[in-house]
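Q: Provide a 3D model corresponding to the input given below.
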Amino acid sequence: MKVVIVGGVAGGATAAARIRRLDEQAQIVVFERSGYISYANCGLPYYIGDVITDPGELTLQTPESFFSRFRVEMKVRHEVLGIDPESKTVTVKNLDTGKVFDESYDKLLLAPGARPTMPRLTGADIPNVFTLRTVEDTLGIKTYIENNRPKSAVLAGGGFIGLELAENLRRLGMDVTIVQRPMQLMTPFDPDMAALLHNEVRRHGVHLALGHTVEGFEPKGDGVDVLLKDTAALHADMVILAIGVTPDSRLAKQAGLALGIRDSILVNDRMETSAPDIFAVGDAVQVKHYVTGQDALIALAGPANKQGRIAADNICGGDSRYQGALGSSVLKVFDLTAATTGIGETAAKKAGIAADSVILSPMSHAGYYPGGKVMTMKVVFEKETYRLLGAQIIGYDGVDKRIDVLAAALHARMRACDLKELDLAYAPPYSAAKDPVNMAGFMIDNIARGIVKQFHLQDVAALPRDGSVTLLDTRTPQEFARGHIDGFFNIPVDDLRENLGQIPPGRPVYIICQSGLRSYIAARILSGNGFDCYNFSGGFRYYQAVVHDQQQTQTAAPCGMDR
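A: All right, here's what the predicted structure looks like:
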């Protein structure tokens, strides 16, 4: 059997190695148009920022090492120009010699990945306007920085690459602005959780131009003007486009293969395309979202690797199936770690799912053990059924551990209430006896049982201040004096039983504290005394962070930058 693979990196290289492990006799040929067959995409911004100093560390395998171990022919600098499904051949161009030739196959695997999204912008070919996707892109940016010592950069796009680049360019001492058409960074996160990221990047001196659209570029002096719609241009020494990625489905389209959303390659759960003996994996293919069952594009390394393995199994006569992607991801944002899995409230609404959430601020490990740090967790579930839908966590330590537990729970299709039952490892340096994941389960279980009723951030402004409801802050007087929501009055939770007479009977009581714990206890005290109570989800710490971000965004300079 002869297998031709178009594209290396995650999906293609994984499939090649798996095919060899399953079939020692197969002839395997991989064509990769770049000069690198397996490299660490996610490490590229860190090489630019001198966190990774050896460019060799970015290369996971070379053609020579891959052939030595797996006897796979890895042909770099070879671009596949076309596919003929009838004759079962591909047309290939050697980019070094210019020679064009045909290569036959018994099975063909497409792993072309995705290309940087490039809107039709004037001036995108200016020498100091860059994209970042490949090792070659990285080396070009690195060389430009070393030779020209730019002092400022504009990053068009506030996703994974944009945030990682912002951190690394700041590390080099550059003035950095992120321009983002949506009103938030990292759109997989709900806006309230993204606010925590906004505060962090601003704290490290990154300027945000949210809600602005890049329309083009013009050279000006030694730098470039970034033209924005309906506002003044931004000037910088260099620009990096990180607007997103688009499935690289050109070959599939030319060959007449069925396409999906945004012209992605349509595959079934065996990673088979619409043409016999042609498979496809990675960032170029349409998948099913594991939670919603809807068509999705999820350009992440984990799904690409799994798909490569599944395609390899099926190429070798097996019957492996891809169940869909959760979109689990984790990101370093300066001192913070941000992680998500499944869907948030925003995505649930778009999918037509009635969702609710709990927000909690647990410590990363036992409070009495030194070094514990607060994280903010948002766990989303379906109303009525309490099906677990997703989670978002932002903090310092232990974030990746909890998001992986929640991703496993999502894969197992657990109900959110059942998180309380998980038997998780505990020792004081690592967790608490009631792990944050368990705590989320306890909170959701209380809601399901009617023990707790919540109100949310979006409800606060509409709460009447005319005395028809009671607005109660149960923090200490010192905490209350440092900041509180207008209209709320203060009775510390430990003094509440002795001051029940201050709370008018027969009126709903809306309660807040710093994290949600003391207000929950206050709600139970008041409920036990006949009051109708609502606990604020997230606490004042969360409320203050989100409102601070909103104020920063609203008071930004006319050009959109918070200078």
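
Q: could you list the low-pLDDT ranges of the stretch 351-500 of the chain?
A: Applying pLDDT under 70 to the stretch 351-500 of the chain picks out no residues at all.

Q: where along it do the helices fall?
A: Ranges of helices in the stretch 351-500 of the chain, per DSSP state H, counting those that start in this stretch, are 399-411, 436-448, 457-460, 477-482.

Q: residues contacting the nearest residue to Phe160 once chain neighbours are set aside?
A: The shortest distance from Phe160 to any non-neighbouring residue, by CB to CB, 6 or more residues apart in numbering, is to Leu331 (5.9 Å). C-betas here are computed from N, CA, C, even on glycine. Listed by CB atoms under 8 Å, 6 or more residues apart in numbering, the contact set of Leu331 reads 160, 163-164, 186, 337-339.

Q: again with Val285
A: 247, 260, 264-267, 271, 307.

Q: give the bridge partners for it, please.
A: With DSSP bridges applied, Val285 shows beta-bridge pairing to Ile265.

Q: could you measure from it over to Leu424?
A: 34 Å (CB to CB, to the nearest Å).

Q: Ser537 is nearest to which of the helices of the stretch 351-500 of the chain?
A: helix 457-460 (7.6 Å; CB to CB).

Q: check which residues of that closest one are buried.
A: 457, 460 (16 or more other CB atoms under 10 Å).

Q: now stretch 189-203
A: 189-202.

Q: next, format these as CSV and append pLDDT and secondary structure.
A: Shown next, in CSV, are those (pLDDT from 0 to 100; DSSP: H, G, I helix; E, B strand; the rest coil):
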residue, pLDDT, secondary structure
Phe189, 97, coil
Asp190, 97, coil
Pro191, 96, helix
Asp192, 97, helix
Met193, 97, helix
Ala194, 97, helix
Ala195, 96, helix
Leu196, 97, helix
Leu197, 97, helix
His198, 96, helix
Asn199, 96, helix
Glu200, 97, helix
Val201, 97, helix
Arg202, 96, helix
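
Q: can you pick out the most distant pair from those?
A: Asp190 and Arg202 (18.8 Å).

Q: tell me where the stretch 101-250 of the chain has helices.
A: 135-148, 160-171, 191-203, 250-254.

Q: just these: most buried one?
A: helix 160-171 (a mean of 23; mean count of other CB atoms under 10 Å).

Q: what does that one contact?
A: With CB under 8 Å, 6+ apart as the test, helix 160-171 has contacts from 42, 45-46, 48-51, 132, 153, 155-156, 176, 178, 180, 185-186, 197, 201, 204-206, 240, 242, 329, 331-334.

Q: hey, C-alpha coordinates of it in CSV?
A: C-alpha atoms of helix 160-171 as CSV (Å, rounded to 0.1, in the frame of the first residue of the first chain):
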residue,chain,number,x,y,z
PHE,A,160,-4.2,33.1,20.9
ILE,A,161,-1.4,34.3,18.6
GLY,A,162,-2.2,38.0,19.3
LEU,A,163,-2.0,37.6,23.1
GLU,A,164,1.1,35.5,23.0
LEU,A,165,2.8,37.9,20.7
ALA,A,166,1.8,40.9,22.9
GLU,A,167,3.4,39.3,25.9
ASN,A,168,6.6,38.5,24.0
LEU,A,169,6.9,41.8,22.3
ARG,A,170,6.4,43.6,25.6
ARG,A,171,9.2,41.4,27.0
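
Q: tilt between that helix and helix 135-148?
A: Computed by axes from the mean of the first three to the mean of the last three CA atoms, to 10 degrees, the angle separating helix 160-171 from helix 135-148 equals 20 degrees.

Q: hmm, back to that, on the three-state scheme, the residue nearest to Phe160 is what?
A: strand (DSSP: H, G, I helix; E, B strand; the rest coil).

Q: so what pLDDT did it get?
A: Leu331 is assigned 95 on the pLDDT scale.

Q: also Pro119?
A: Looking at Pro119, its pLDDT is 77.

Q: and it, how far is that from Ser249?
A: The gap separating Pro119 from Ser249 is 18 Å, by CB to CB.

Q: these two: who's more crowded?
A: A count of neighbours by other CB atoms under 10 Å puts Ser249 above the other of Pro119 and Ser249, at 25 against 12.

Q: next up, the contacts around that one.
A: Counted by CB under 8 Å, 6+ apart, Ser249 has contacts 112, 259, 263-265, 284.

Q: ranking those by neighbours, who comes first?
A: Counting by other CB under 10 Å, top hit in these: Ala284 with 30 neighbours.

Q: need the outlier residue of this protein, farthest from its centre.
A: Distance to the chain centre peaks in the chain at Gly501, reaching 48.5 Å (criterion: CA atoms, centre = their mean).

Q: now the closest residue to His78 other than its chain neighbours. Its backbone dihedrals?
A: Counting by CB to CB, 6+ apart, Phe31 is the residue found nearest to His78 once chain neighbours are left out, at 4.4 Å. With angles defined as degrees, to the nearest 10, Phe31 sits at phi -110, psi 120.

Q: cool, and Ala233?
A: phi -70, psi 160.

Q: what is the burial count for it?
A: Neighbour number of Ala233 under other CB under 10 Å is 18.

Q: do the same with Ala412
A: Neighbour tally, Ala412, other CB under 10 Å: 9.

Q: related to what we said a few turns ago, out of the helices of the stretch 101-250 of the chain, flag the one nearest Thr385.
A: Closest among the helices of the stretch 101-250 of the chain, using CB to CB: helix 191-203, at 23.2 Å.

Q: what is the burial count for the residue nearest to His78?
A: Neighbours of Phe31 using other CB under 10 Å come to 24.

Q: that older thread, spatially, which two of the contacts of Ser249 are the most separated?
A: Farthest pair in the contacts of Ser249, by CB to CB: Pro112 and Leu259, 13.1 Å.

Q: which residue, other than its chain neighbours, is closest to Arg250?
A: Arg250's closest residue in space is Pro112 (CB to CB, 6+ apart), at 7.7 Å.

Q: Val358 against Ile447, yeah?
A: Yes. Using CB atoms under 8 Å, Val358 is in contact with Ile447, at 7.3 Å.

Q: give me the common contacts of the two.
A: With CB under 8 Å, 6+ apart as the test, Val358 and Ile447 both reach Gln454.

Q: the residue nearest to His78 bridge partners, please.
A: Val6, Lys75.

Q: residue contacts, it?
A: By CB under 8 Å, 6+ apart, the neighbours of Phe31 are 4-7, 75, 78-80, 90, 92, 103.

Q: hmm, back to that, look at Val358 and Ile447 and report which has more neighbours.
A: Each of Val358 and Ile447 had its neighbours counted (other CB under 10 Å), and the higher figure belongs to Val358 (25 against 20).

Q: in contact with the more buried one, which residues are there?
A: 378-379, 440, 443-444, 447, 454, 537.

Q: most widely separated two among those residues?
A: Lys378 and Ile447 (14.2 Å).

Q: export stretch 326-337 as CSV, just CAs?
A: Output of stretch 326-337 as CSV, limited to C-alpha atoms (Å, rounded to 0.1, in the frame of the first residue of the first chain):
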residue,chain,number,x,y,z
LEU,A,326,-14.6,20.3,22.9
GLY,A,327,-12.3,23.1,22.0
SER,A,328,-10.3,22.6,25.2
SER,A,329,-7.5,25.2,25.3
VAL,A,330,-5.1,26.9,27.8
LEU,A,331,-3.2,30.1,27.3
LYS,A,332,-0.5,32.0,29.3
VAL,A,333,-1.4,35.7,29.5
PHE,A,334,1.5,37.4,31.3
ASP,A,335,1.1,36.2,34.9
LEU,A,336,-2.3,34.6,34.4
THR,A,337,-3.4,31.3,33.0
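
Q: so how far is that stretch from its chain's centroid?
A: Distance of stretch 326-337 from the chain centroid (CA atoms, centre = their mean, to the nearest Å) equals 7 Å.
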